[in-house]
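Asks: Build the 3D model from these lines:
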Amino acid sequence: MLFVFRIGAHIPVPGIDIKVFNDLIASGIIFGFFDVISGGAFKNFAVFAMSITPYINASIIMQLLTIVIPQLERLAKEGEEGRKKIAQYTRYFTVVLAFIQAIGMSVALRQAFVKPTIEQYLIVALTLTAGTTLLMWIGEQITEKGIGNGISLLIFAGIVSRVPAGFYQVTEYFQAETINILNILTMAVIGVLVIAGIVLVNEGQRRIPVQYAKRVVGRKVYGGQSTHIPLRVNQAGVIPLIFASSILMFPQQLATWFSGNNASNWFTTYFGWGTAAHTIVYALLIIGFTYFYTAVIMNPVDVADNIKKYGGFIPGIRPGRPTAEFISRVMSRITLAGAIFLALIAILPGFVLLATRIPNVYFGGTALLIVVGVALDTMKQVEANLLMRSYQGFIK
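Replies: Residues are numbered from 1 along each chain as shown. Here you go, the predicted model:
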């Protein structure tokens, strides 16, 4: 399946002048991020140019709608059947979002069309939508019949496939004496430290102890054991970075499309990528979205009710509302640490450029966060499968 994904990244959409297309996207920051996620498919304007991004957006929107719409909330609580229904709605929504995004992309890049007719717009939009739909199916097949989350592995493969090109670019700079060995070593050390930090924060958790009282049912005694609630430091994952990037990249791309007037020039000068204002707003948005998304996926009231329902309590805390307030207070504190870490990871490329003086090499904290997170999750699933089959782990 991953091999099919890589083949599709090199099959161009019909009716597009690639040379003109590359000239158009040369100055687009948002397009550079798309190209990394799609594994170079966007740069080639291949059938997988939009990658799996519409599916990610559809999944996030459906998660948020589950909180807002009572019918979806009931479906989510119905178990496996409810989750299958929501997954089906997500697929339909993905196709709609992909077609809308493909139409917008076609209109924005109309100068690269060989013959800009209505039929050509439709062909390009349908081709890109079909590519995203096929990727969605491939991801689900990997999840169902393989090891690991298929959608995450597709993003992982797209990002990792750009690594050889990055190494080649650094080698060219070194041969041209634009950089020296000290710059390369500095970048390698920063990379190792960042990966270690990502692993530490991703695996870090605050364990809240929970004690269950003994219950006598018939002739059997239940409960009496101690357990804990693991609250992860980075509960929201990479979602806040995607939210904040989407919000900030949209006005930047509008300024690029309407360049030449005073308003776009002023915006690019003071709020363009790399400026102090952009960096500060980006970091604040990430911190805000981290708190928001953590509150969406983790409800302290539900956790407290479930503990109380099964006769449990947190030592020193009364069941019910005091327990919910305690969990909420702990979550807000550890979420602050996770949010600040995500903000630092997001603004990392600018500092790497200052420290290493290596230009035009993508060292994105977001991409690194995705790669390390997916690698850790996949390794855990491999470990679980090996333990289940042979009672021997992946790492002895």
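Asks: From now on I want contacts and neighbour counts done on CA atoms only, so please keep to that.
Replies: Noted.
Asks: Please, where are all the strands along the stretch 101-250 of the chain?
Replies: 205-212, 215-217, 220-222, 226-232 (DSSP state E, counting those that start in this stretch).
Asks: Quick one: low-confidence residue ranges for the stretch 1-150 of the chain.
Replies: Scanning the stretch 1-150 of the chain with the threshold set as pLDDT under 70 gives 24-40.
Asks: Quickly list the domain ranges of this protein.
Replies: 1-161, 178-396 (automatic domain parsing).
Asks: Which among those is found nearest to residue 167?
Replies: The minimum distance between residue 167 and these falls on domain 178-396, with 8.9 Å, by Cα to Cα.
Asks: just how off-centre is that closest one within its chain?
Replies: On the basis of Cα atoms, centre = their mean, to the nearest Å, domain 178-396 sits 10 Å off its chain's mean C-alpha point.
Asks: quick one on the thing from earlier: quick one: the strands of the stretch 101-250 of the chain as TSV, columns for distance to residue 137 too.
Replies: Below are the strands of the stretch 101-250 of the chain laid out as TSV (distance: least, Cα to Cα, whole Å):
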stretch	distance to residue 137
strand 205-212	33
strand 215-217	47
strand 220-222	44
strand 226-232	30
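Asks: In CSV: the ones you listed, plus mean neighbour count.
Replies: Below are those laid out as CSV (neighbours: other Cα atoms under 10 Å):
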stretch, mean neighbour count
strand 205-212, 15
strand 215-217, 10
strand 220-222, 10
strand 226-232, 15
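Asks: and of those strands, who's closest to residue 44?
Replies: strand 226-232 (39.0 Å).
Asks: contacts for that closest one?
Replies: With Cα atoms under 8 Å, 6 or more residues apart in numbering as the test, strand 226-232 has contacts from 202-212, 331, 334.
Asks: just the residues you listed now: which is nearest residue 63?
Replies: The closest of these, once distances to residue 63 are taken by Cα to Cα, is residue 331, at 20.0 Å.
Asks: And what about the closest one, helix, strand or coil?
Replies: helix (DSSP: H, G, I helix; E, B strand; the rest coil).
Asks: what's the most buried one of the domains of the chain?
Replies: Most buried of these, by mean neighbour count (mean count of other Cα atoms under 10 Å): domain 1-161, with a mean of 18.
Asks: Adding distance to residue 120 and mean pLDDT, write the strands of the stretch 101-250 of the chain out as a markdown table.
Replies: Below are the strands of the stretch 101-250 of the chain laid out as a markdown table (distance: least, Cα to Cα, whole Å; pLDDT from 0 to 100):
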| stretch | distance to residue 120 | mean pLDDT |
| --- | --- | --- |
| strand 205-212 | 52 | 85 |
| strand 215-217 | 70 | 64 |
| strand 220-222 | 68 | 63 |
| strand 226-232 | 48 | 84 |
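Asks: Residue 100: which of those is closest?
Replies: Closest among the strands of the stretch 101-250 of the chain, using Cα to Cα: strand 226-232, at 35.7 Å.
Asks: Relative to residue 170, which of the domains of the chain is closest?
Replies: Closest among the domains of the chain, using Cα to Cα: domain 178-396, at 7.5 Å.
Asks: distance of residue 238 from residue 372?
Replies: Residue 238 sits 11 Å away from residue 372, going by Cα to Cα, to the nearest Å.
Asks: Need the contact partners of stretch 119-135.
Replies: Stretch 119-135 has contacts (Cα under 8 Å, 6+ apart) with 5, 13-15, 47-52, 54-55, 94-95, 98-99, 102-103, 106-107, 113.
Asks: Could you export that stretch as PDB, CA atoms only?
Replies: Taking Å, rounded to 0.1, in the frame of the first residue of the first chain, the C-alpha atoms of stretch 119-135 are listed here in PDB:
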ATOM      1  CA  GLU A 119     -14.100  20.800 -18.500                       C
ATOM      2  CA  GLN A 120     -10.400  21.100 -17.600                       C
ATOM      3  CA  TYR A 121     -11.300  22.500 -14.100                       C
ATOM      4  CA  LEU A 122     -13.700  19.600 -13.600                       C
ATOM      5  CA  ILE A 123     -11.100  17.000 -14.700                       C
ATOM      6  CA  VAL A 124      -8.500  18.400 -12.400                       C
ATOM      7  CA  ALA A 125     -10.900  18.600  -9.400                       C
ATOM      8  CA  LEU A 126     -12.200  15.100  -9.900                       C
ATOM      9  CA  THR A 127      -8.700  13.700 -10.300                       C
ATOM     10  CA  LEU A 128      -7.500  15.200  -7.100                       C
ATOM     11  CA  THR A 129     -10.700  14.200  -5.300                       C
ATOM     12  CA  ALA A 130     -10.300  10.600  -6.500                       C
ATOM     13  CA  GLY A 131      -6.600  10.600  -5.400                       C
ATOM     14  CA  THR A 132      -7.600  11.700  -1.900                       C
ATOM     15  CA  THR A 133     -10.400   9.100  -1.700                       C
ATOM     16  CA  LEU A 134      -8.100   6.300  -2.800                       C
ATOM     17  CA  LEU A 135      -5.600   7.400  -0.100                       C
END
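Asks: quick one: the helices in the stretch 151-300 of the chain?
Replies: 163-175, 181-203, 239-257, 262-271, 276-297, 300-309 (DSSP state H, counting those that start in this stretch).
Asks: how big is the angle separating the fourth one from helix 276-297?
Replies: To tie it back to what came earlier, the one meant is helix 262-271. Per axes from the mean of the first three to the mean of the last three Cα atoms, to 10 degrees, the angle that helix 262-271 makes with helix 276-297 is 80 degrees.
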